[in-house]
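Trainee: Quick one: sequence and predicted model below, then my questions.
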Amino acid sequence: MKTFELKGEIRDDFGKKAARAYRSEGLIPCVVYGGHGEENVNFVVKQGDVRKLIYTPEVFLVNLDLGKKKLQAIVKELQFHPVKDTILHIDFLHVVENAPVVIEIPVRLTGLAAGVRAGGKLSLDIRKLKVKALPAKLPEELVVNVEALELGKSIQVGQLDFEGVEILNAKNAVVCRVQLTRAARGAAAKAES
């Protein structure tokens, strides 16, 4: 999994008034939830420093540098302003080597589906899957080969298997499918008559 270096400063002020003051200075209030008997760490980061971390489909393991504290974490939740679409708050989850992490990983399809060659259209229904794994086993993306996928068929979560990764989505949820297009239906109807 790719890593992202992020510098921040530990904050002492809390509440709406303090958060508003930080945001007016171009800073984003953040928190790292320990979860392993550790206290939560409140800090701020510069708005520009998180752009490449947030506005990308990729998932990163974040190396936080908070002065004296150095932590590894993942982004747990983001809060955006409803009108301006600026980042209001970021929640991180502290990552420990021997404790499993739950995170959403992007899905990437490979190969040319047999159903697409027959005139169908391939659609990706779930762009990210929720997985549970040790930090060392977390993949950058979940690669699904669709070459054997026939016309009108689909691949469900229960059919996927990745080493060291447990998929938490519903087993019958459709990840991708090959649908019959109107053009293919019209050609099939002409062939029948």
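Mentor: Structure received.

Trainee: longest single strand anywhere in this protein?
Mentor: If you go by DSSP state E, the chain has its longest strand at strand 69-80.

Trainee: CA atoms of the helix or strand that that one is followed by as CSV?
Mentor: Using DSSP states H and E, the helix or strand that follows strand 69-80 in sequence is strand 87-94. Extracted C-alpha coordinates of strand 87-94, given in CSV (Å, rounded to 0.1, in the frame of the first residue of the first chain):
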residue,chain,number,x,y,z
ILE,A,87,-12.8,20.2,4.0
LEU,A,88,-14.1,20.9,7.5
HIS,A,89,-12.6,18.0,9.5
ILE,A,90,-10.7,14.8,9.0
ASP,A,91,-10.8,11.7,11.2
PHE,A,92,-7.9,9.4,11.2
LEU,A,93,-7.6,5.9,12.6
HIS,A,94,-4.3,4.9,14.3
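
Trainee: ok, strand 87-94: who's next to it in the sheet?
Mentor: strand 27-33 (parallel), strand 69-80 (antiparallel) (DSSP bridges).

Trainee: what comes into contact with the longest strand of the chain?
Mentor: 10, 32-33, 41, 53-54, 59-64, 86-95, 101, 103, 135 (C-beta atoms under 8 Å, 6 or more residues apart in numbering). C-betas here are computed from N, CA, C, even on glycine.

Trainee: Which among the residues you listed count as buried?
Mentor: Those of the contacts of strand 69-80 that meet the buried threshold are 32-33, 41, 53, 59-62, 64, 87, 90, 92-95, 101, 103, 135, by 16 or more other C-beta atoms under 10 Å.

Trainee: Helices along this structure, start to end?
Mentor: For the chain, applying DSSP state H gives helices covering 16-24, 51-54, 114-117, 182-192.

Trainee: so what secondary structure elements neighbour the first one?
Mentor: It stands for helix 16-24. In this structure, helix 16-24 makes packing contacts with strand 27-33, strand 87-94, judged by 3 or more C-beta pairs under 8 Å, 6 or more residues apart in numbering; DSSP states H and E.

Trainee: of all those, which lies closest to S123?
Mentor: Among the helices and strands packed on helix 16-24, the nearest to S123 by C-beta to C-beta is strand 87-94 (30.6 Å).

Trainee: tilt between that closest one and helix 16-24?
Mentor: Taking axes from the mean of the first three to the mean of the last three C-alpha atoms, to 10 degrees, one finds strand 87-94 and helix 16-24 inclined to each other by 100 degrees.
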